[in-house]
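[1] need a structure here:
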Amino acid sequence: MRLYAQTRARRCRQILADLIAVVLVAAAVWFALAVHDGIMVLAEPGRKVEDAGGSLASGLGDAGDAASNVPLVGGILKKPLQSAAEAGNGLSDAGQSVQDVVGRAADLTAFALIVTSVALVLALWLPPRVRWIRRSALIRGLLDSPGGADLLALRALTGPIGHLAAVSVPPGGLADAWRRGDEHVIEDLSRAALRQAGLRA
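    Take a look at the predicted model:
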């Protein structure tokens, strides 16, 4: 199985198409990661709320512990400070929840962008490459089979006329020489068909 053409012009076009596909995939991944980072900026308020809630809960908890040491009223003073500390923990949990939601949204968006972009690039790039690989294998198999050169010559006659420029035209024309079974003409035409497919004899 041949992955690239043997003729320079077609091989260069194939390599260029492969490089463009790789660059497009890399650009799509970079863009998706940039979008991910942009969305994660929205999690910054959640981080601040979490930090503020944690600091508040810690400070009120320490104040409650200190207040519990006050004789006679320590238990009474500690209870509201503990309740406020729990509220601070709730605030911290809310900030963490905001970060989790934003993180999930950023991950899903980046994943969707990468999958969509890569699928689009593959849909445009892969079918022509696979088609050429299968066609080149078919033509190679045809060339090695009995009468294959004759069929390739017919392919050259019915294909684009530009590839026949290198074939010398005998008296009576190429088609007439092919019908007569002229070996030189059939060989020249089969080579033209191979060149058209990006292959060499």
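[2] and the next element down the chain from the least confident helix or strand in the chain by mean pLDDT?
    Every helix and strand in the chain was compared by mean pLDDT, DSSP states H and E; the lowest is helix 174-180, with a mean of 62. Per DSSP states H and E, the first helix or strand lying C-terminal to helix 174-180 is helix 183-196.
[3] all helices for this structure, in order.
    Taking DSSP state H to define them, one finds helices in the chain at 8-40, 44-67, 74-144, 148-158, 174-180, 183-196.
[4] Which one of the ones you listed lies nearest to residue 2?
    helix 74-144 (5.3 Å; Cβ to Cβ). C-betas here are computed from N, CA, C, even on glycine.
[5] what residues are up against the residue nearest to residue 28 when sequence neighbours are not counted?
    Residue nearest to residue 28 in three dimensions, not counting chain neighbours: residue 117, with 3.2 Å by Cβ to Cβ, 6 or more residues apart in numbering. Contacts for residue 117 (Cβ atoms under 8 Å, 6 or more residues apart in numbering) come out as 24-25, 28-29, 31-32.
[6] Report the separation between the nearest residue to residue 122 once chain neighbours are set aside and residue 146.
    Nearest residue to residue 122 in three dimensions, chain neighbours excluded: residue 21, at 7.8 Å (Cβ to Cβ, 6+ apart). With distances taken as Cβ to Cβ, to the nearest Å, residue 21 is found 39 Å from residue 146.
[7] quick one, domains of the chain?
    The record's domain parsing of the chain by automatic domain parsing lists 1-130, 145-201.
[8] Next, work out how far apart the closest residue in space to residue 37 that isn't next to it in sequence and residue 39 are.
    If the residues on either side of it in the chain are set aside, residue 37 comes closest to residue 106, at 7.9 Å by Cβ to Cβ, 6+ apart. Plainly put, residue 106 is 4 Å away from residue 39 if you go by Cβ to Cβ.
[9] between those two, who's got more neighbours?
    residue 106 (21 against 17; other Cβ atoms under 10 Å).
[10] Quick check, the more buried one in contact with residue 33.
    No. Residue 106 is not in contact with residue 33 according to Cβ atoms under 8 Å; the separation is 9.9 Å.
[11] Comparing the domains of the chain by mean pLDDT, which bottoms out?
    Among the domains of the chain, domain 145-201 has the lowest mean pLDDT, at a mean of 66.
[12] Residue 143 and residue 187 touch, don't they?
    No. Using Cβ under 8 Å, residue 143 is not in contact with residue 187; the gap is 11.2 Å.
[13] Overlap of the contact sets of the two?
    residue 149.
[14] Send over stretch 114-121 as PDB, restricted to the C-alpha atoms.
    Below are the C-alpha coordinates for stretch 114-121, written out as PDB (Å, rounded to 0.1, in the frame of the first residue of the first chain):
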ATOM      1  CA  ILE A 114     -11.900  20.100  19.600                       C
ATOM      2  CA  VAL A 115     -14.100  17.200  18.500                       C
ATOM      3  CA  THR A 116     -16.100  19.300  16.000                       C
ATOM      4  CA  SER A 117     -13.000  20.900  14.500                       C
ATOM      5  CA  VAL A 118     -11.000  17.700  14.200                       C
ATOM      6  CA  ALA A 119     -14.000  15.900  12.700                       C
ATOM      7  CA  LEU A 120     -14.400  18.700  10.100                       C
ATOM      8  CA  VAL A 121     -10.700  18.600   9.200                       C
END
